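S.K.: Requesting a structural model of the entry that follows:
(2 chains, ligands or ions: 1)
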Amino acid sequence: MSTLVIAEHDNSSLKAATLNTVAAAQQLGADIDILVVGGSCGDVATAAAAVPGVGKVLVADNAAYEHQLAENVSQLVAEVATGYDNVLAPATPNCKNFMPRVAALLDVGQISDIIAVDSPDTFQRPIYAGNVIATVQSADAKKVITVRTTAFDGVPAEGGSASVESVDSVHDAGLSSFVSEEVAESDRPELTSASVVISGGRGMQNGENFKLLDGIADKLNAAIGASRAAVDAGFVPNDMQVGQTGKIVAPDLYIAVGISGAIQHLAGMKDSKVIVAINKDEDAPIFQVSDYGLVADLFEALPELESKI
Amino acid sequence: MKVLVAVKRVVDYNVKVRAKADGSDVDLNNVKMAINPFCEIAVEEAVRLKEAGVATEVIAVSIGDKSCQEQIRTALALGADRGIQVDVETAAEPLVVAKLLKGVVDKEAPQLVILGKQSIDGDNNQTGQMLGALANMPQGTFASEVVIDGDKVNVTREVDGGLQTVSLTLPAIVTTDLRLNEPRYASLPNIMKAKKKQLDVYTADDLGVTVTKHLTQVKVVPPPERQEGIKVADVDELVDKLKNEAKVIS
Ligand SMILES: Cc1cc2nc3c(=O)[nH]c(=O)nc-3n(C[C@H](O)[C@H](O)[C@H](O)COP(=O)(O)OP(=O)(O)OC[C@H]3O[C@@H](n4cnc5c(N)ncnc54)[C@H](O)[C@@H]3O)c2cc1C
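M.R.: Numbering: from 1, shown residues only, chains lettered A, B, ... in the order given. Sure, this is the predicted structure:
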């Protein structure tokens, strides 16, 4: 038995999501190799080789893969996957984009977003916005799986010394091309792996007011998130959305500010260790899942909180 | 240009779904059903392309038993021209749905297929991408903008860190994200008109697809309950609790 883990990266650094995925892969009890698909991604391969418990790192480094175009990446992954029993990738926006194509090319089902491995063919995954947890068994000989990273503690990033081999086959489907990217640079920790997250909702009223969260985030080394309502209203960019259809987070501390607590939002944060809610409506559903609730006007509470931590 | 839109019948998004006591499945008795919100956005996008003179015909397709005709009629009331139901008895898995949609694509030869990025019941986020692989079509998933440009379509996608724009050769697949558009409400006259629009029914056999089973649901259980916490009186108490009780800040 052998397992292939697809690395999440940005061509320069290996993302923590890969380490969570390796942890999930270990539970399958098979040998693990990592596949790095990208363009000018040599540093990522070096980093992947340092992950303990990995047999070898395969690197497909070509301009056709630089922007992770699903049409190209999926063909490469499907080709490499022929030598493996399991293919695992983190359930990141990037891997969610190409993994189902891989599954279809291999004519197998995909098991999305697993949160537990019961046995090599049986897994748990949340459905209906996490209102129920389903146990599913796969009948396919080859398993294509995406992993909810917050459900598995990552393996260490250092300590291993896997060999690195290059994969030379180039798949350029010629169907798609990269045009442009608008990516906000941030010095803050990544939303999905930060140990503290502070999120703002519609109650923040506008984008300018999100600055009220900055000082607190600075002091707690927190990432900043948002509800769908705050994103839809244009207060903050889309990649800050936490929830069923946004990012899933499970930090040690989650602070929800001016967020009512709709099921779709809870689906993305209710596995956080400690939840704090600040809301002026004492009946807001967010208080039902929060450990510490503060009924207050956020415009008064936030500056005070910043000064006292 | 023909546009095919896939729509799914799901539990209404306001419903808090529960597991049945015996754990065999979720309890959907007497629960309100609706068109999947992402599919509604897909229909809206297709209809706007028609109103802009880019699309000539919008076809709404759903895979399911007879009850999904209700959601096809909803799509027709929102402005789709005709409907197709692919009749399958039990809920089909994403790979099977993708194969059935491929069958419809082969029959209809649309230039654009628009689907929701995920359905809010299974939360799989697979079907559009799988259809892309099966039909060898490029895909623009998690779309927040779709612009047809000659024989290409430019799709702006919601990705990690922001937005990415890709250019795809038609025919292509688009899966919708929340910010693509705000769907309209169907007017009463349009709901009446929708009842008379053409709706064809195919079987998997008609499309030459064998319905296979890849995943078995063994059981469903409720998620671990969170204990309801306490209300703190003020910011001082909150800071004290976080420092000394929860010990999550220092
Ligand atoms: C298909 C679908 C997918 C969705 N996916 C997501 C998702 O992934 N993530 C997500 O978050 N939502 C999602 N939603 C939306 C979700 O249903 C809610 O609409 C949304 O979460 C509401 O955001 P909110 O809590 O910020 O806004 P509201 O519900 O409007 O709540 C605002 C809160 O702010 C409080 N408030 C206002 N002013 C103040 C003040 N001065 N001080 C303190 N408190 C104040 C109010 O009391 C209120 O509780 C989805 C919906 C659908 C249909």
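S.K.: which stretches of the stretch 101-250 of chain A form helices?
M.R.: Secondary structure of the stretch 101-250 of chain A (DSSP state H, counting those that start in this stretch): helices located at A:211-220, A:228-232.
S.K.: Tell me which of the ones you listed approaches A:Val136 most closely.
M.R.: A:Val136 sits nearest to helix A:228-232 of all the helices of the stretch 101-250 of chain A, at 27.4 Å, using CB to CB. Placement of C-beta: from N, CA and C, glycine included.
S.K.: Please see if the next helix or strand after the closest one touches chain B.
M.R.: Where DSSP states H and E defines the elements, the next helix or strand beyond helix A:228-232 is strand A:253-257. Yes: applying CB under 8 Å from any CB of the partner chain, one finds strand A:253-257 touching chain B at A:Leu253.
S.K.: Does strand A:253-257 reach the ligand?
M.R.: No: applying CB under 6 Å from any ligand atom, one finds strand A:253-257 separated from the ligand by no less than 7.1 Å.
S.K.: Looking at chain B, which residue is nearest chain A?
M.R.: For chain B, the residue closest to chain A is B:His214, as judged by CB to the nearest CB, at 3.1 Å.
S.K.: how about the nearest residue to that residue, chain neighbours excluded?
M.R.: Spatially, and ignoring its direct neighbours in sequence, B:His214 is nearest to A:Gly109 (3.1 Å; CB to CB, 6 or more residues apart in numbering or on different chains).
S.K.: residues of the longest strand along chain B that come out buried?
M.R.: Determined from DSSP state E, the single longest strand within chain B is strand B:139-149. Neighbour-count burial for strand B:139-149, counted by 16 or more other CB atoms under 10 Å in any protein chain shown, picks out B:Gln139, B:Gly140, B:Thr141, B:Phe142, B:Ala143, B:Ser144, B:Glu145, B:Val146, B:Ile148.
S.K.: For the first one, give me its contacts.
M.R.: For B:Gln139, the set of contacting residues under the criterion of CB atoms under 8 Å, 6 or more residues apart in numbering or on different chains consists of A:70-71, A:97, A:101, A:176, B:128-129, B:132, B:168, B:172-175.
S.K.: That one bridge partners, please.
M.R.: Taking DSSP bridges, one obtains B:Ile173 as the residues bridged to B:Gln139.
S.K.: Would you mind measuring from it to A:Glu181?
M.R.: Separation of B:Gln139 from A:Glu181 (CB to CB, to the nearest Å): 17 Å.
S.K.: How about the contacts made by the residue most central in space within chain B?
M.R.: Residue closest to the mean C-alpha point of chain B, counted by CA atoms, centre = their mean, is B:Gly116 at 3.2 Å. Contacts for B:Gly116 (CB under 8 Å, 6+ apart) come out as B:Ala6, B:Lys8, B:Asn36, B:Pro37, B:Phe38, B:Cys39, B:Glu40, B:Ile41, B:Ala42, B:Gly128, B:Thr175, B:Thr176.
S.K.: Could you do B:Lys99 as well?
M.R.: Taking CB under 8 Å, 6+ apart, we find B:Lys99 in contact with B:Leu134, B:Val209.
S.K.: If we use 10 Å, what do you get?
M.R.: A:104, A:107, B:63, B:92-93, B:130-131, B:134, B:204, B:207-212 (CB atoms under 10 Å, 6 or more residues apart in numbering or on different chains).
S.K.: Sticking with it, tell me its helix or strand.
M.R.: Using DSSP H and E, B:Lys99 sits within helix B:94-108.
S.K.: Need the CA coordinates for the next helix or strand after that helix. CSV is fine.
M.R.: Counting by DSSP H and E, the next helix or strand C-terminal to helix B:94-108 is strand B:112-116. C-alpha atoms of strand B:112-116 as CSV (Å, rounded to 0.1, in the frame of the first residue of the first chain):
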residue,chain,number,x,y,z
LEU,B,112,-21.1,27.0,-21.6
VAL,B,113,-22.2,24.8,-18.6
ILE,B,114,-22.8,26.7,-15.4
LEU,B,115,-23.1,24.8,-12.1
GLY,B,116,-23.0,25.7,-8.4
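S.K.: Parallel or antiparallel, list what pairs with strand B:112-116.
M.R.: Counting by DSSP bridges, strand B:112-116 is paired with strand B:2-6 (parallel), strand B:172-176 (parallel).
S.K.: Burial check on residue 68, number of neighbours?
M.R.: I'll assume chain A. 22 (other CB atoms under 10 Å in any protein chain shown).
S.K.: Chain B is the one I meant
M.R.: B:Cys68 sits with 23 neighbouring residues when counted by other CB under 10 Å.
S.K.: which residues in chain B form helices?
M.R.: Assigned helices in chain B, in chain order: B:37-51, B:69-78, B:94-108, B:127-134, B:188-194, B:235-240 (criterion: DSSP state H).
S.K.: got a list of contacts for the last one?
M.R.: Helix B:235-240 is touched from outside by A:255, A:276, A:278, A:292-294, A:296, A:300-309, B:230-232, B:234, B:249, with contacts defined as CB under 10 Å, 6+ apart.
S.K.: Buried deepest among the helices of chain B, which one?
M.R.: Of the helices of chain B, the one with the most neighbours on average (mean count of other CB atoms under 10 Å in any protein chain shown) is helix B:127-134, at a mean of 29.
S.K.: now for that helix, which elements pack on it?
M.R.: Secondary-structure packing of helix B:127-134 (3 or more CB pairs under 10 Å, 6 or more residues apart in numbering or on different chains; DSSP states H and E): helix A:70-81, helix A:93-105, strand B:2-6, helix B:94-108, strand B:112-116, strand B:139-149, strand B:172-176.
S.K.: Format the ones you listed as a markdown table; extra columns: distance to the ligand.
M.R.: Putting these into a markdown table (distance: least, CB to the nearest ligand atom, whole Å) gives the following:
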| stretch | distance to the ligand |
| --- | --- |
| helix A:70-81 | 22 |
| helix A:93-105 | 13 |
| strand B:2-6 | 16 |
| helix B:94-108 | 18 |
| strand B:112-116 | 9 |
| strand B:139-149 | 12 |
| strand B:172-176 | 10 |
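S.K.: what angle do the helix or strand where A:Leu19 lies and helix A:93-105 make?
M.R.: Using DSSP H and E, A:Leu19 sits within helix A:16-26. Helix A:16-26 runs at 40 degrees relative to helix A:93-105, counting by axes from the mean of the first three to the mean of the last three CA atoms, to 10 degrees.
S.K.: Who does the helix or strand following helix A:16-26 pair with, and is each partner parallel or antiparallel?
M.R.: Downstream of helix A:16-26, the next assigned helix or strand under DSSP H and E is strand A:31-38. For strand A:31-38, the paired strands and their directions (DSSP bridges) read strand A:2-6 (parallel), strand A:56-61 (parallel).
S.K.: quick one: average pLDDT of strand A:31-38?
M.R.: Across strand A:31-38, pLDDT averages out at 98.
S.K.: now it, how far from the chain's geometric center?
M.R.: Distance, stretch centre to chain centre, for strand A:31-38: 18 Å (CA atoms, centre = their mean, to the nearest Å).
S.K.: Between helix A:70-81 and that strand, find me the angle.
M.R.: Here the directions of strand A:31-38 and helix A:70-81 differ by 150 degrees (the same axes, to 10 degrees).
S.K.: Report all helices and strands that the helix or strand that strand A:31-38 is followed by contacts.
M.R.: Next in sequence after strand A:31-38, counting helices and strands by DSSP H and E, comes helix A:42-49. Counting contacts by 3+ CB pairs under 10 Å, 6+ apart, helix A:42-49 is packed against helix A:16-26, strand A:31-38, strand A:56-61, strand A:163-166.
S.K.: For the residue of the stretch 1-150 of chain A found nearest the ligand, give me its contacts.
M.R.: Per CB to the nearest ligand atom, A:Ala129 is where the stretch 1-150 of chain A lies closest to the ligand, at 8.1 Å. By CB under 10 Å, 6+ apart, the residues touching A:Ala129 are A:243-245, A:262-268, B:11, B:13, B:15-17, B:120-121, B:123.
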